[in-house]
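Take this sequence and fold it.
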Amino acid sequence: AAMTATLVSGCGAGSDTSSSDEGSSGDGDTVTLTYWGWDSNFYEPMFEAYEAEHPNVHFEPTAVEYGEMITKAQQALASGSELPTMLALSNNSIATWKDMDICEDLTQYGFEVDNYLDSLASMTVTDDGKVIGIEESINPAGVAYKRDLAKEYFGTDDPDELYEMFNSYDAYVEKGKEVHDKSNGEVFLFHSGQTIAEWFYFASDIPTMDGDTIEYTDKMGDTMDKLIELRDVGAVDTYQNGTPEANATYADDKHIFYPCPNWAITYYIMENDPDGAGNWGIMPAPVNYNSGGSALAMTKSATEEQKEAAYDFMIWAFEGDGAEIARDKVGYITPYLEKMNDPEWTKTSDEINDFFGGQDVGAVFYQTIAPDMTIVPTCAWEETVISVRNDVAQQLVDNTSMTLEEGLELGKDQLGQLVTDENVTIN
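So this is what the prediction gives:
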């Protein structure tokens with residue numbers, strides 16, 4: 001069966017009326033699984049491969065912008081519209097999905113969370129032990145770089161030699177000033193202050209929330225202080241992360257480094273610099289950390305036939321043959337321990353390694369970074385805090401006279417307006 005994709009951007013409530021009440025195509029043999037998510041690099045090859053092996057299953061994915069997933073689900077609930085069979089849950093909003101209580105407990109279908117990397121898999125476990133999703137990949141993050149610019153400004157493109165130069169945040173500040181001066185301000189270490197803030201935010205071991213208190217000042221103080229240091233030496237450009245203009249920088253000769261989770265290799269780098277094969281490298285950041293990621297869930301409102309087919313797909317995707325497709329096509333490594341602990345299995349594809357100059361990308365991510373990476377639990381207000389973080393980071397690079405104190409005060413004021421729960425305090 002050919003995969004049919006209904007591409008819908010934005011947050012319209014809309015229902016998945018293409019499937020029948022019983023979740024089938026009408027011939028009594030084919031079960032239709034609807035899906036909402038944003039990462040077509042992941043779901044398209046996975047759905048296509050599963051359909052080829054299971055001709056009785058048909059996927060109907062709807063592309064929804066990352067930041068609109070919760071809104072779309074809330075609007076569907078409010079209007080009585082149909083939820084999809086499966087949906088992607090951003091790790092940054094897991095707590096909100098738990099509160100919405102629309103995802104099925106996978107343990108009812110035999111899922112054993114203990115077979116997965118605990119520090120990551122525990123994110124989808126509720127207080128009463130229900131498991132509402134399976135993490136799609138471990139998400140170790142390093143720093144990607146353009147080899148030609150590294151040679152020009154640092155004298156080498158060797159990842160080990162570069163890591164020796166850049167094994168502290170202070171080193172990035174020092175080298176950033178050197179690049180700025182040498183290029184007369186034409187070349188930057190980084191393209192976006194928002195990207196830098198995201199890096200430092202996820203590398204921080206400070207939880208966003210302690211009880212009913214959002215620890216904004218502690219969480220953001222160090223993050224924004226480091227960003228300002230890089231800004232003040234001319235190391236950071238002013239692009240807004242994720243915009244077409246920002247994405248175009250991956251293929252230019254003006255920006256050297258990009259904080260790089262494993263999922264960003266296909267989603268950002270290879271997508272936006274298709275002619276850059278061989279010119280990229282990857283090295284660890286000064287602190288090993290986990291960045292972003294998502295889980296796959298199925299909804300309670302799906303039919304039992306849909307749930308059984310969806311669960312079979314999920315186990316195939318993360319424990320079975322599908323895990324190899326995710327690894328080879330997308331660069332995703334399942335947190336299923338039996339596979340992720342095998343160095344041979346975690347080798348990335350020749351295509352990805354060749355794109356990175358023949359480097360063993362898998363060894364960097366899964367043998368060097370992953371065993372020691374920071375994973376901090378998220379909270380129900382995580383996306384709100386991240387939205388404020390991005391706005392403040394952008395204002396800090398746009399307005400070079402803005403101080404740390406002014407930035408923190410600005411963000412705290414914004415949070416005060418957005419956090420509507422009177423029981424939550426902001427420090």
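
can you pull out the strands in the stretch 201-350 of the chain?
209-210, 213-214, 257-261, 280-290, 294-298 (DSSP state E, counting those that start in this stretch).

Comparing those strands by mean pLDDT, which bottoms out?
Note on the strands of the stretch 201-350 of the chain: strand 209-210 shows the lowest mean pLDDT, a mean of 86.

Counting neighbours, what do you get for residue 118?
Close neighbours of residue 118, defined as other C-beta atoms under 10 Å, add up to 12. (C-beta placed from N, C-alpha, C; glycine too.)

gap between it and residue 95?
Distance, residue 118 to residue 95, using C-beta to C-beta, to the nearest Å: 18 Å.

can you check residue 281 too?
For residue 281, the distance to residue 95 equals 36 Å [C-beta to C-beta].

again, but for residue 393
On the measure of C-beta to C-beta, residue 393 and residue 95 end up 23 Å apart.

Same drill for the two, tell me which one is more crowded.
The neighbour count for residue 393 versus residue 95, taken as other C-beta under 10 Å, is higher for residue 393 (30 against 20).

Could you give the number of residues near the closest residue to that one other than its chain neighbours?
Sequence neighbours aside, residue 197 is the residue nearest to residue 393 in space, at 3.7 Å (criterion: C-beta to C-beta, 6 or more residues apart in numbering). Residues lying near residue 197 (other C-beta under 10 Å) number 26.

tell me the angle the helix or strand harbouring residue 197 makes with strand 257-261.
Per DSSP states H and E, residue 197 falls inside helix 193-203. With axes from the mean of the first three to the mean of the last three C-alpha atoms, to 10 degrees applied, the angle from helix 193-203 to strand 257-261 works out at 40 degrees.

same for helix 193-203, what does it pack against?
Counting contacts by 3 or more C-beta pairs under 8 Å, 6 or more residues apart in numbering; DSSP states H and E, helix 193-203 packs against helix 216-232, strand 257-261, strand 280-290, helix 382-398.

buried residues in the last one?
Residues of helix 382-398 classed as buried under the neighbour-count rule (16 or more other C-beta atoms under 10 Å) are 382-386, 388-390, 392-394, 396-397.

Just name the closest of those to residue 86, please.
The shortest approach to residue 86 among these belongs to residue 383, at 20.7 Å (C-beta to C-beta).

pretty sure that closest one contacts residue 96?
Yes: with contacts counted by C-beta atoms under 8 Å, residue 383 reaches residue 96, the gap being 7.2 Å.

Pull up the overlap in contacts between these two.
residue 70 (C-beta atoms under 8 Å, 6 or more residues apart in numbering).

contact partners of stretch 408-417?
With C-beta under 8 Å, 6+ apart as the criterion, stretch 408-417 contacts 214, 216-217, 220-221, 224, 384-385, 388-389, 391-392, 395, 426.

which one of these sits closest to residue 81?
Comparing those against residue 81 with C-beta to C-beta places residue 384 closest, at 24.9 Å.

do you know how far residue 336 is from residue 310?
17 Å.

Have a look at these two and say which one is more surrounded.
residue 310 (28 against 22).

For the nearest residue to residue 199 once chain neighbours are set aside, list each beta-bridge partner.
The shortest distance from residue 199 to any non-neighbouring residue, by C-beta to C-beta, 6+ apart, is to residue 259 (4.0 Å). Applying DSSP bridges to residue 259 gives these bridge partners: residue 143.
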